[in-house]
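Undergrad: have a look; sequence and predicted model below, questions after that.
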Amino acid sequence: MTHVDLQIPVNDNFSFNECLWFLNRNFDDCMHTVYTGSVRKVLLIDQLPVLLEISMSRQHLRVQVLRGEINDQTEPFIRNYITEWFNPDEDIAAFYKLLIRHKSLAYMPEAFKGLRLIGIPDLFEALAWSIIGQQINLPFAYRVKRRFVEKYGSSILHDDVLYHIFPSCETVAKLNPDDLCEMQFSRRNAEYIIGLADAFVRGEISKQQLAGLSDFISRQKALTNIRGIGIWTANYALMKSLKEPSCIPYGDAGLLNALMNHNIIREKSDSKEMNTFFKKFPGWESYLVFYLWRSLAPTEKEKILDTTVRQTV
DNA sequence: AACCAGGCTGCGC
DNA sequence: GCGCAGCATGGT
């Protein structure tokens, strides 16, 4: 049964266009494809691919199934996935109130109005992606991810477009570091990712197990116990995959740049000022980090200029 | 050519 | 517990 729509309600302060804009920033992310007013992505549900198109229809996210089955089993999975991806059910009014109080951030609720923290619901994907992104620039990280996904993930073809599924931990666990070094992983990051995949295969870690731990610190520790996952990666994954509200990815280059841009810290090493700053946003640290990252993206004007240049060249 | 990039490990203290 | 070198991999 195709052509069935799902509707997912959204609450106030939700802008699908802002979310789409973020998904389509200036990077080439192979895990989804953005169109005007919609985004397509394929999910793997019980080993079967389901291609979705998400768009906005009145006060609902509208999910159309372009390929694959939608039934009593897959529907809850899809609903849950989309909800964790766009977080349309959150109430971010309190966050906006805090932003408005802050001198150099007061512009954000208007400038980024309705942007939600875009999640990566799959924990293995979130962790593997953040390991890929360690200490390398983002355009390069996205290129490495694309090579990795195109080689070791599966995909489906629809209307002449390939939609990719992230490699499974079973597949990755069987790789040798050399397989990944070929695609410009550093040897160490290759070892990290394969080890991570192995931990998932062995059941040493899972999203469910992690979510079941009693507090934030335990969840952080469970992650940093894995080789290759430091505090930055742990916080990134907890923020993107487990909706942890108070994650500060310490040392993050982008975060530090954003804080410098907003004159919130003077030196990148100034962790004291940074901590005092974050204390003004209790419970919204993750959201704040996400909005600060958003502030690093080029403005709409710059982006249009950029594509114009590329086209004429 | 030097410095940067959404860091981590291991060591010495 | 904290600071710091050493480390890979490319981009600008």
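TA: Structure's in. What do you need?

Undergrad: what residues does stretch A:276-296 touch?
TA: Where contact means C-beta atoms under 8 Å, 6 or more residues apart in numbering, the residues beyond stretch A:276-296 that reach it are A:22, A:92, A:94-95, A:98-99, A:101-102, A:105, A:108, A:112, A:115, A:117-118, A:239, A:244-249, A:252, A:254-255, A:257-259, A:261-262, A:264-265. For glycine as for every other residue, the C-beta is placed from the backbone atoms N, C-alpha and C.

Undergrad: in it, what counts as buried?
TA: If you call a residue buried by 16 or more other C-beta atoms under 10 Å, then stretch A:276-296 has these buried ones: A:277-278, A:281, A:284-295.

Undergrad: next step: those residues restricted to strands.
TA: Judged by DSSP state E, the subset of the buried residues of stretch A:276-296 located in strands is empty.

Undergrad: show me which of the residues you listed is closest to DNA strand C.
TA: Comparing the buried residues of stretch A:276-296 against DNA strand C with C-beta to the nearest atom of the strand picks out residue A:278 as the nearest, at 16.4 Å.

Undergrad: now do residue A:222 against residue A:92, distance only.
TA: Using C-beta to C-beta, to the nearest Å, residue A:222 is found at 28 Å from residue A:92.

Undergrad: and what of residue A:260?
TA: Distance of residue A:260 to residue A:92, given as C-beta to C-beta: 25 Å.

Undergrad: ok, the two, which is more surrounded?
TA: The neighbour comparison of residue A:260 against residue A:92 (other C-beta atoms under 10 Å) goes to residue A:92, with 21 against 14.

Undergrad: my read: that one touches residue A:108, true?
TA: No: taking C-beta atoms under 8 Å as the definition, residue A:92 is not a contact partner of residue A:108, at 11.1 Å.

Undergrad: residue A:181 reaches residue A:190, doesn't it?
TA: Yes: under the criterion of C-beta under 8 Å, residue A:181 is in contact with residue A:190, at a separation of 5.6 Å.

Undergrad: between the two, which is the more surrounded one?
TA: More crowded of residue A:181 and residue A:190, by other C-beta under 10 Å: residue A:190, with 23 against 14.

Undergrad: is that one in contact with residue A:183, as I believe?
TA: No: no contact is recorded between residue A:190 and residue A:183 when judged using C-beta under 8 Å, the distance being 9.1 Å.

Undergrad: need the buried ones from the contacts of stretch A:276-296 selected in PyMOL.
TA: Filtering these down to the buried ones (16+ other C-beta under 10 Å) takes a single PyMOL command:
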select buried, chain A and resi 22+92+95+98+99+102+105+108+112+115+117+118+239+244+245+246+247+248+249+252+255+258+259+262+264+265
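
Undergrad: next step: the contacts of stretch A:276-296 restricted to helices.
TA: Restricting the contacts of stretch A:276-296 to those inside helices, with DSSP state H as the criterion, leaves A:22, A:94-95, A:98-99, A:101, A:108, A:239, A:254-255, A:257-259, A:261.

Undergrad: so can I have a markdown table of those showing distance to DNA strand B and pLDDT?
TA: Formatted as a markdown table, the ones in helices among the contacts of stretch A:276-296 follow (distance: C-beta to the nearest atom of the strand, whole Å; pLDDT from 0 to 100):
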| residue | distance to DNA strand B | pLDDT |
| --- | --- | --- |
| A:22 | 9 | 95 |
| A:94 | 24 | 98 |
| A:95 | 19 | 98 |
| A:98 | 22 | 98 |
| A:99 | 20 | 98 |
| A:101 | 26 | 98 |
| A:108 | 17 | 98 |
| A:239 | 8 | 98 |
| A:254 | 4 | 96 |
| A:255 | 7 | 96 |
| A:257 | 5 | 95 |
| A:258 | 10 | 96 |
| A:259 | 12 | 95 |
| A:261 | 11 | 95 |
